[in-house]
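S.K.: Just need the structure, nothing else, for what follows:
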Amino acid sequence: MSVSVTRDRRPRIPLKATYKIIITNPDGSIAQVIEGKGEDPFTLSFLHLFYGSMVAPALPINVYDVAGTQLYLYTPMPPPGIPYPAAAVPYPGAVLCLVNCPGTPNAPYTLKLPGIWLFSSPFYNPPSVSGIYSYLITPITYYTPSISTNMPASIGATNTITITQNFTNTSGSAITVYSFAVVAAFYPVTSSGFASTPYFVDIAYFNLSAPVVWSPAAGMTVQASFQVPT
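M.R.: The predicted model follows:
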């Protein structure tokens, strides 16, 4: 007796990540619009967090925060004798936050606002904020990001999450932007609840198709959209 199995030949539609950048003149008029896409937008830190959420607490795992500190998840302490900054996150639970995140003024980073971070360098392989942390563009105004969702209930629809953030070049000089990252506040769950001060972890990155020269006093709006088919 033989069994015939028909292989599923339905097309596989991957997650689609796109970005849109709008540069505005000081008078509010639009100077430039740039659109592009990220072929494989998620950072290793985000992928390790996703994997760790499934294996915790059976297996320990570690990720880098944006400044290069290794966070050892689900272990009571970092391995002894390691020659680089490290911290332990012993409890198998965590929350990621992008908007209205508590405790961020106490976060030990150059920029204390999660959301979209701009860089004067492209990302290299493997892409990580810790690798180009010194290229973070800081002498500008970062405004609080917002998130919008479009999640229809029907099968075959596309669920979309869009992160939008505004910026103003208040540096007094032209700035060249090569890339941006989506950075989330990461709150370990402790025995008494969520940690009061978060770590910052990069979850997605985008290299621009061409560098953008950003004039003084000009505004910028950056949108990163993630589309997932149902």
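S.K.: Just to be sure, I116 is in a helix?
M.R.: No - counting by DSSP: H, G, I helix; E, B strand; the rest coil, one finds I116 to be strand, located in no helix.
S.K.: so it bridges to which residues?
M.R.: Partner residues in beta bridges with I116: V182, with DSSP bridges as the criterion.
S.K.: For it, give me its contacts.
M.R.: Each residue near I116 by CB atoms under 8 Å, 6 or more residues apart in numbering is listed here: P145, I163, Q165, F180, A181, V182, V183, V222, A224. Yep, even glycine has a C-beta here, placed from its N, CA and C like the rest.
S.K.: Only whichever of these are buried, select them in ChimeraX.
M.R.: The following ChimeraX line selects those of these that are buried, judged by 16 or more other CB atoms under 10 Å:
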select :145,163,165,180,181,182,183,222,224
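S.K.: Distance to G36 and pLDDT added to the contacts of I116, as JSON lines?
M.R.: Below are the contacts of I116 laid out as JSON lines (distance: CB to CB, whole Å; pLDDT from 0 to 100):
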{"residue": "P145", "distance to G36": "19", "pLDDT": "96"}
{"residue": "I163", "distance to G36": "15", "pLDDT": "96"}
{"residue": "Q165", "distance to G36": "16", "pLDDT": "97"}
{"residue": "F180", "distance to G36": "11", "pLDDT": "97"}
{"residue": "A181", "distance to G36": "15", "pLDDT": "97"}
{"residue": "V182", "distance to G36": "15", "pLDDT": "96"}
{"residue": "V183", "distance to G36": "19", "pLDDT": "97"}
{"residue": "V222", "distance to G36": "11", "pLDDT": "98"}
{"residue": "A224", "distance to G36": "10", "pLDDT": "96"}
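S.K.: Relative to L71, which of the contacts of I116 is nearest.
M.R.: When the contacts of I116 are compared for distance to L71 (CB to CB), V183 wins out at 14.2 Å.
S.K.: And P108, how close does it get to A17?
M.R.: As for P108, its distance to A17 is 29 Å (criterion: CB to CB, to the nearest Å).
S.K.: Is P105 in contact with K112, as I believe?
M.R.: Yes - counting by CB atoms under 8 Å, K112 is a contact partner of P105 at 5.8 Å.
S.K.: Surely I147 touches L96?
M.R.: No - using CB under 8 Å, I147 and L96 do not qualify as a contacting pair, with a distance of 11.9 Å.
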